[in-house]
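*Asks:* my questions are about this predicted structure, shown below with the sequence.
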Amino acid sequence: MEMKFTTKNVNVYYGDAQAINNVSLDIPDRAVMAMIGPSGCGKSTYLRCLNRMNDTIPIARVDGDIRLDGHDIHSEIDVVHLRARVGMVFQKPNPFPKSIFDNIAYGPKLHGIATKKSDLEAIVEESLQKAGLWNEVKDRLGSPGTGLSGGQQQRLCIARAIAVSPEVILMDEPCSALDPIATAKIEELIDELRQNYCIAIVTHSMQQAARVSQRTAFFHLGDLVESGPTTEIFTNPKDQRTQDYITGRFG
Amino acid sequence: MFLWIAVALLLIIMGAYYTGRGRAVSSVSGNYTALHSLPSYHGYYVALWAGLPAFILSIIWFFVAPQVLEGIVLSQAPESVTSLPPERLQVFMADVAAIAQGGIPSQVTPEREAAAEIYGSYLSVSNWLMFAVAISLAVAGLTYGRARIRPRLRARNSVESMVNLVLIICSTIAILTTVGIVFSLLFEALRFFARVPFTDFLFGLQWSPQTAIRADQVGGSGEFGAVPIFAGTFLITLIAMFVAVPIGLMSAIYLSDYASNSVRSVVKPILEILAGVPTVVYGFFAALTVAPTLRAWGGSIGLDVASESALAAGLVMGVMIIPFVSSLSDDVINAVPQSLRDASAGLGATNSETIRQVILPAALPGIVGAILLAVSRAIGETMIVVMAAGLAANLTANPLEAVTTVTVQIVTLLVGDQEFDSAKTLAAFALGLTLFAVTLVLNVIALRIVQRYREKYD
Amino acid sequence: MTDTSILSKTDYHTSEQAERLLKKRYRSEARFIFYGRLAIICALLILVTLLSSIFLQGYTSFYQHMAILEFDLKQELVDPQNTGDPEVIAKADYRTIVNNMLREKFPDVTVRRDRKALKDIISSGSDLFVRSAVMADLSLVGTRATIAVPLSDDADSVFKGFIDRTLPEDERRVKDNQLGWLDQLSEEGRIESRFNMTFFQVGDSREPELAGIWGAVVGSALTLVVTLLISFPLGVATAIYLEEFAPKNRWTDLIEVNINNLAAVPSIVFGLLGLAVFLNFFGLPRSAPLVGGLVLALMTLPTIIIASRASLKAVPPSIREGGLGVGASHVQTVFHHVLPLAMPGMMTGTIIGMAQALGETAPLLMIGMVAFIVDVPTGITSPATVLPVQIFIWADSPERAFVAKTGGAIMVLLSFLVIMNLIAVMLRRRFERRW
């Protein structure tokens, strides 16, 4: 399997507290990597290292070697380009208070992917289609994105991320604010998207990880306990802590 | 006199407290549990009986006595005085009171001195009478309250419902203030509109409130078209906004999104100093530093800048409003949820792109509300324009010329030698009413916009 | 989803084109930051300019040049009957003594016009200084005494360097002969620069060198006392009622909206209220701290109410529950447990309200506190002025020396405000979140 991200000895500190200790993990292309673990284990923090979102927190400090396609994301890739190539979907749906069209068009306009209106329209349509939202909103592209339901909003956010032609999509518990039906739709979508993208998803739900991912990494107290093919982690974990977590002893 | 009454009353009230408490204790011979309320409540109970009626009487006396005195003085005054029109009579009485109390009268005439003599003698009678009545009321209250003390007396409940009543009365003062403002402005303004038609005032293009001393003077009848004043106010407010909005908004953005903590903790309080500087100081700065500087600069490039140009007043007023705009914008910008910033940053937007294309559009209603509040403040600002703007009502859009404003006119019309019977003084109240109405509407709209905006992101 | 779609151009972000655009975007970012810095720097520069211009114009008012002259306090002029009675001595004709001194000191000046010019170099209030020197030491009567009297404001400005000697004489406020006399006094070492005590001891005057701010300071203090006595109890009581007792209904909603709007009413409107209601309707005395205090109290009331409510809100409900839980009544809980905890916040709000009131000018102009008042006020009904109004009056005066006085008065006013705000900040720091 071809690896998109390779990370070695990643440490993250919030002020004096260390949130992640020496995590080394590779993330494969065109597959879904799930990160699981109890709350506060550092999985979200790790995910935010991959597109340098931790930079926006003044007290956070990241060190270690993180490479996207072999290029160091801190020294060789500009942060703006990195975030364009590595899209992100957040825990709570956060559409901009703009129209559905403008929500999607925001990214492509910024990066100059489309300059003509027709190109822009094509991108909007295609992104919405890929996110499985096109049929629901095609008649009201001008209405505000905040007027959609929670599940639709989250798919809008996914479409918005797709619209800037990323290679990787990071998802930080994308379904935690959604009801089961909306969750199922998003999971379906993730499965489709894996054909074209590298996807890393942080999730609270082990079932979700089992359903959507090919590989899984288990985090505990800032340590990467173990990682490997999802089936292996769930059926035959090597570490006692993984075993305990999966069987519901804690978490 | 008032001081002595206050001291005497205070002593009686303290006495009442201890009497009540002592009597409550002795009524159950020291067995506290037999009392319905704590002894101290019995003390408060008697103290209230002693103090409250006397206090209320003093307040009423304080406001009514001058009216009564005035009646007495007028009943003994010569025909030449009693036949004066009400406005002149007011001045007369003010002078009489001033002479009698050692103040500064506007003029001293034999009639005034004679009346002051009468006024003064009745004033001392009134004061002594008040002293006697207040003290006896207090003592009577004390006796009555003391007589009512018995173990089962629900003293706490009585005292607490009294406390509640006092609190309610206090909270209505704010309403009374508004009612007072509205009525005093409306009353005088209506008298003005009885002389000058409402439409002439609102749409007239000529403002020269000087009523003639000689019949042949130009503009002898006085012109009260307020359009030039409104235009001047608008011009200066506009200039102020051109200074305050960009600087205030940009500094709020910079401080909340770019500055390090240490910079923010130093710069923010410094900016707040600008808000704490009294307006009269800004006025001094505008009139003695900014205006001459502008005039000199203008002169050096061949521009004729009036020494009381709208520009100088507007610029300084803008400076005064910077911290106002900046702190309101800061609140508004910080109310935009972090998740939107994250979303934008996650798409690869630079900080400024996020601010310009996500934060500002999202915060726009709040910012508009903030600007409306700032406009209302600029319109109502007085000292800067009184000291740095002009008096003549020019209808011009040229910021280098002198214009006048609503507040300047109110001050000029009411300060100095007042002729109470002229439309001139009443015009000030009409302007005041306009000012009050405009700022009120602006505030109501702005507060509503800001509130809606907050609710949206709560 | 075909490969021809725009979205499959995943290599776009590493292309030349994207690289070029990125440079442009970073330039615009830098520009934006620059505007932000510019705004801050502008604001700071303005503040520095404001303060320094006031300092530069005002600091000269804190010192004054005095002429140390020898006065012949002849017995027959001061106390002809040799009574030694201070009352008689106080009423003596010191003006003649001053004139005699000038005649003696400059015997060559004989022309009437020159004599007038000569008189103008020392303060027209010099006789008062001679008198107070004599009153302080009665043994001076009948002797020749060396007494320091202030120079007139024009002469004072010569030594403060405000008069350009190179100007032609008719464009100068101090003429050549006056400069000559002043130089002569200076060479004899009779001119001394001293701390201007007068400025802090007396009320207003038509003569800049005799004008002081003490009258205005006392007026401000009296006014603020009235304001505080009215607005603090009323404001706190209203806040307590609205926050702790009031039922939620239309009436209390109305009060709330009303308070918020009052907070934004222009201050001059409060002045109009004061004029119409307190002066014209109730007939209270004009120019009195009583009325000024009433008007300012109404004006600061919303500030105090809003601050007090905020600090009551900040007291956690557990305190109230605790009070009620041990069997205290609602009133007892509020007054014994909640109020003491909220008091620092209320006091902070009150001090800030008082600072506002101290700096307020416009409403006081409406109720006649702008009159020219020489005497230091003695009570809340005697005519008075306040510091900001004094500043306004002086700033309007044509004499150059009054500009300096204005600056000096502003510095005094600002230092009062700084002190009040520091106290507020300290209170806030000290009592911040004790629970």
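*Replies:* Ah, there it is.
*Asks:* pLDDT weak spots in the stretch 151-300 of chain B?
*Replies:* Of all residues in the stretch 151-300 of chain B, those with pLDDT under 70 make up the ranges B:211-221.
*Asks:* could you measure from A:Asp65 over to chain C?
*Replies:* Going from A:Asp65 to chain C by C-beta to the nearest C-beta, to the nearest Å gives 20 Å. All C-beta spots, glycine's among them, are computed from the backbone N, C-alpha and C.
*Asks:* what's across from that residue in the sheet?
*Replies:* Judged by DSSP bridges, the bridge partners of A:Asp65 are A:Lys8.
*Asks:* tell me the contacts of residue 46?
*Replies:* All of this refers to chain A. A:10, A:12, A:20, A:23, A:25, A:35, A:219, A:224 (C-beta atoms under 8 Å, 6 or more residues apart in numbering or on different chains).
*Asks:* not what I meant, chain C
*Replies:* Residues near C:Ile46 by C-beta under 8 Å, 6+ apart: B:274, B:319, B:322.
*Asks:* report how many residues lie close to the residue in the stretch 301-435 of chain C positioned nearest to chain B.
*Replies:* Per C-beta to the nearest C-beta, the residue of the stretch 301-435 of chain C with the smallest distance to chain B is C:Gly359, at 3.0 Å. Look at C:Gly359: counted by other C-beta atoms under 10 Å in any protein chain shown, it has 24 neighbours.
*Asks:* surely it is in contact with B:Tyr282?
*Replies:* No. C:Gly359 is beyond contact range of B:Tyr282, at 10.3 Å (criterion: C-beta atoms under 8 Å).
*Asks:* quick one: is the host helix or strand of C:Thr406 near chain B?
*Replies:* Per DSSP states H and E: C:Thr406 is located in helix C:400-431. Yes. Helix C:400-431 is in contact with chain B by C-beta under 8 Å from any C-beta of the partner chain, via C:403, C:406-407, C:410, C:413-414, C:417, C:421.
*Asks:* now for that helix, which elements pack on it?
*Replies:* On a contact count with 3 or more C-beta pairs under 8 Å, 6 or more residues apart in numbering or on different chains; DSSP states H and E, helix C:400-431 meets helix B:279-285, helix C:16-58, helix C:153-160, helix C:339-359, helix C:387-396.
*Asks:* is residue 6 in a helix, a strand, or coil?
*Replies:* In the absence of a named chain, chain A is used. strand (DSSP: H, G, I helix; E, B strand; the rest coil).
*Asks:* think we crossed wires, I meant chain B
*Replies:* Going by three-state DSSP: B:Ala6 is helix.
*Asks:* what about it, distance to B:Gly20?
*Replies:* From B:Ala6 over to B:Gly20 the distance is 21 Å, taken as C-beta to C-beta, to the nearest Å.
*Asks:* could you count how many residues lie near B:Gln451?
*Replies:* Residues near B:Gln451, counting by other C-beta under 10 Å: 13.
*Asks:* in chain A, what secondary structure element scores lowest on mean pLDDT?
*Replies:* helix A:240-246 (a mean of 89; mean pLDDT, DSSP states H and E).
*Asks:* alpha carbons only: can I get that helix in PDB?
*Replies:* Taking C-alpha atoms only, helix A:240-246 is exported to PDB below (Å, rounded to 0.1, in the frame of the first residue of the first chain):
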ATOM      1  CA  GLN A 240      -3.800  -5.400  26.500                       C
ATOM      2  CA  ARG A 241      -5.000  -1.800  26.500                       C
ATOM      3  CA  THR A 242      -6.400  -2.100  23.000                       C
ATOM      4  CA  GLN A 243      -8.100  -5.300  24.100                       C
ATOM      5  CA  ASP A 244      -9.600  -3.600  27.100                       C
ATOM      6  CA  TYR A 245     -10.800  -0.600  25.100                       C
ATOM      7  CA  ILE A 246     -12.400  -2.600  22.400                       C
END
